[in-house]
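J.: Need the 3D shape of this:
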Amino acid sequence: MHTTLSPVQETFKDVMSHVATPVAVVTSMDGGLPFGTTVSAFTSLSMTPPMVLVSLDRGSETLELITASKKFGLNVLASDQQGTALKFAKMGGIGKFQGVRWEIDHDLPRIAGAAGWIACHVDQFVEGGDHVVVLGTVVAAENNYSDPLTYHRRVFGTHSALESA
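T.: Model (predicted):
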């Protein structure tokens, strides 16, 4: 179903496409099977305690599983994982992990080669339009010190520092 956007929605969408965002796959488990979805709306929230927030579409199967399990994984993708980002951006959870190397960490699917890994317990769900913001308390984190995958102007890339003056 395709809906027509209002002029404000169209302009808002265009403005937001010019904001570089990190790309991650949010994961959960269901009956021993891994599920996940690509997100670009996530960020750190608090240092004490360490918390993140992630925004998921109300219709997301992964959100449904996170609501039931009260935990989620956040796989911050590396700059060479564009294919993984596209694979997990598709609708429907079954089969997304086929061909993707992963393991279970803190009872959550962890994607191999990701730039960073964060395991969370849900603290709160916040309603926000057609999305739900999930606030998560960090129970484990690991940095692999690789360049992150970013999304900017509707294309994937990575961050590069400006030269010093």
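
J.: Which helix or which strand is home to residue 15?
T.: Residue 15 is part of helix 7-17, with elements assigned from DSSP states H and E.

J.: Let's test this: mean pLDDT of whichever helix or strand comes after that helix, rounded?
T.: Next along the chain after helix 7-17, taking DSSP H and E as the criterion, comes strand 21-22. Strand 21-22 carries an average pLDDT of 88.

J.: any idea how far the helix or strand bottoming out on mean pLDDT in the chain is from the chain center?
T.: Across the helices and strands of the chain, mean confidence by mean pLDDT, DSSP states H and E is lowest for strand 155-157: a mean of 83. Taking CA atoms, centre = their mean, to the nearest Å, one finds strand 155-157 lying 15 Å from the centre of the chain it belongs to.

J.: Note down every partner strand of that strand and its orientation.
T.: Partners of strand 155-157 in the sheet, by DSSP bridges, are strand 150-152 (antiparallel).

J.: what comes up buried for the partner strand?
T.: 150, 151 (16 or more other CB atoms under 10 Å). In short, each C-beta sits where N, CA and C put it, glycine included.

J.: Break down this structure into its strands, ranges please.
T.: 21-22, 24-30, 33-39, 42-47, 50-57, 71-76, 102-105, 108-111, 116-128, 131-143, 150-152, 155-157 (DSSP state E).

J.: could I get those as TSV with distance to residue 88?
T.: Below are the strands of the chain laid out as TSV (distance: least, CB to CB, whole Å):
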stretch	distance to residue 88
strand 21-22	14
strand 24-30	5
strand 33-39	4
strand 42-47	14
strand 50-57	12
strand 71-76	9
strand 102-105	11
strand 108-111	9
strand 116-128	15
strand 131-143	16
strand 150-152	13
strand 155-157	13
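
J.: Just tell me which of those ends up closest to residue 65.
T.: strand 24-30 (4.0 Å; CB to CB).

J.: got the contact list for the helix holding residue 15?
T.: 5, 152, 153, 154 (CB atoms under 8 Å, 6 or more residues apart in numbering).
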